[in-house]
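Colleague: requesting a structural model of the entry that follows:
(chains A, B, C and D)
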Number of protein chains: 2
Amino acid sequence: MASSQPVSPHPAADVTEHVGYRLKRAHSALRGALDTALREHDLTVPQYSCLEVLALHPGLSNAELARATFVTRQSMNLVLRGLQEAGLTTRPDVVDHGRARPVRLTAAGERRLRSAQDAVYAVEARMVAGIPGTRLAALLDDLDRLVRALDT
Amino acid sequence: MASSQPVSPHPAADVTEHVGYRLKRAHSALRGALDTALREHDLTVPQYSCLEVLALHPGLSNAELARATFVTRQSMNLVLRGLQEAGLTTRPDVVDHGRARPVRLTAAGERRLRSAQDAVYAVEARMVAGIPGTRLAALLDDLDRLVRALDT
DNA sequence: TCTCCTATGTCAGCGTGTTGACATGTCCGA
DNA sequence: TCGGACATGTCAACACGCTGACATAGGAGA
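Modeller: Numbering: from 1, shown residues only, chains lettered A, B, ... in the order given. Alright, predicted model coming up:
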């Protein structure tokens, strides 16, 4: 099975050898682990992602947050609504210039993010622990190549 | 960083260097590409996954299909309902022995799967094309290690 | 035999994520 | 100046995917 020529219509004999399959399984496992880790912090994964991005880039608009987390404006809009109801973010009702309204973390939002980060980073560390250290960089690079190859 | 103690709270300086982030992005890109590829075949990604597994293992029950595709019984139940309404799968109303009802592809289901496979395999090939051939096996292996490390 | 444990199927509710559509606001160029 | 291209925010409809809960069917063990 070390053939290097992509001649057949089937990338591999077994579906479980497909990159897509492995990718889906890994993502599913990570999602599940994050879900349980974040539950005790009363956050969902998209909510946490949003807080993390906001901490790094305060004042991003809904559409910008959506692009940063790879979802649509519509999905992010819903997430933001939840975060605002929980008092973790603020968003001015009117702006002087454009149409985009900048989102910012509240003090409660920053506290919540910090407490959740420990749990999330623990999951990340546990996941990466199974990888030989020297191959981690290659893995990150390959995942990046997959993305670039797809949106070409 | 081959230290075996989880000392640092931050696995990496930048969030975009996290495995979780890259994994999410790659999965999102794949999902999008598959969505558009499958749309002209009137199939969703979970529906296609279900058909693919059924072709390999005819007669699997709802719960078994769910485990094979990493979703819950409830989610798979919904997918199966859609497939049955489209006439792509069949499922006996009563069984003589247990409670599990075996699902099978109809002739239409097999045809639909075959026509969709070309599109899906093209996406897989396009995605993998960006990876140095010698590193593909390592990538598959590392993705596997991530999963095993998480459900330990 | 009777009971408990486990697996399965299904209902309900919620959050997420998508496409499609539409209104609104800016800016650039004719 | 004005009109179109573009980005943004939002509504609606639909499909997924999760948890929680419940009923049912089989098998193992007292």
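Colleague: residues contacting A:A26?
Modeller: Residues in contact with A:A26, defined by Cβ atoms under 8 Å, 6 or more residues apart in numbering or on different chains, are B:23, B:143, B:146-147. Glycine gets a C-beta too; all of them are placed from N, C-alpha and C.
Colleague: before we move on, what about A:A100?
Modeller: A:A100 makes contact with A:61-64 under the criterion Cβ under 8 Å, 6+ apart.
Colleague: right, and out of those residues, which lies closest to DNA strand C?
Modeller: Nearest to DNA strand C, judged by Cβ to the nearest atom of the strand, of the contacts of A:A100 is A:A63 at 10.8 Å.
Colleague: ok, the closest one touching A:T72?
Modeller: No. Taking contact to mean Cβ atoms under 8 Å, the distance of 9.3 Å between A:A63 and A:T72 leaves them out of contact.
Colleague: tell me which of the two has more neighbours.
Modeller: Neighbours around A:A63 and A:T72, counted as other Cβ atoms under 10 Å in any protein chain shown, are more numerous at A:A63. The numbers are 14 against 11.
Colleague: ok, now how distant is that one from A:Y48?
Modeller: With distances defined as Cβ to Cβ, to the nearest Å, the gap from A:A63 to A:Y48 amounts to 20 Å.
Colleague: get me the contact residues on chain A for DNA strand D.
Modeller: For chain A, the residues found near DNA strand D under the criterion Cβ under 7 Å from any atom of the strand are A:28, A:32, A:35-36, A:61-64, A:73-74, A:77, A:98-101.
Colleague: show me where chain A has strands.
Modeller: Using DSSP state E, the strands found in chain A span residues A:89-90, A:104-105.
Colleague: who does the last one pair up with?
Modeller: Using DSSP bridges, the strands paired with strand A:104-105 are strand A:89-90 (antiparallel).
Colleague: my read: A:E17 touches B:L140, true?
Modeller: Yes. Look at A:E17 against B:L140 with Cβ under 8 Å: they come within range, at 6.8 Å.
Colleague: what about these two, which has more around it?
Modeller: Set side by side, A:E17 and B:L140 show unequal neighbour counts under other Cβ under 10 Å, the larger going to B:L140 at 18 against 15.
Colleague: pretty sure that one contacts A:V19?
Modeller: Yes. Applying Cβ under 8 Å as the test, B:L140 and A:V19 come out as touching, 6.7 Å apart.
Colleague: all helices for chain A, in order.
Modeller: Along chain A, the segments classed as helices by DSSP state H run A:19-39, A:45-56, A:62-69, A:73-85, A:107-128, A:133-150.
Colleague: contacts (any at all) between DNA strand C and the first one?
Modeller: So the one you mean is helix A:19-39. No. For helix A:19-39, no contact with DNA strand C is found by Cβ under 7 Å from any atom of the strand; the gap never falls below 8.4 Å.
Colleague: name the residues of that helix that come out as buried.
Modeller: Buried residues in helix A:19-39, counted by 16 or more other Cβ atoms under 10 Å in any protein chain shown: A:19-30, A:33-34, A:37-38.
Colleague: try the third one
Modeller: Buried residues in helix A:62-69, counting neighbours by 16+ other Cβ under 10 Å, are found at A:62, A:64-66, A:68-69.
Colleague: kindly export it (C-alpha atoms) in PDB.
Modeller: What follows is helix A:62-69 as a C-alpha-only set of coordinates in PDB (Å, rounded to 0.1, in the frame of the first residue of the first chain):
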ATOM      1  CA  ASN A  62     -20.000  40.200  13.600                       C
ATOM      2  CA  ALA A  63     -18.900  39.500  10.100                       C
ATOM      3  CA  GLU A  64     -15.200  39.600  11.000                       C
ATOM      4  CA  LEU A  65     -15.700  37.300  13.900                       C
ATOM      5  CA  ALA A  66     -17.500  34.900  11.600                       C
ATOM      6  CA  ARG A  67     -14.600  34.800   9.100                       C
ATOM      7  CA  ALA A  68     -12.100  34.300  11.900                       C
ATOM      8  CA  THR A  69     -14.000  31.300  13.200                       C
END
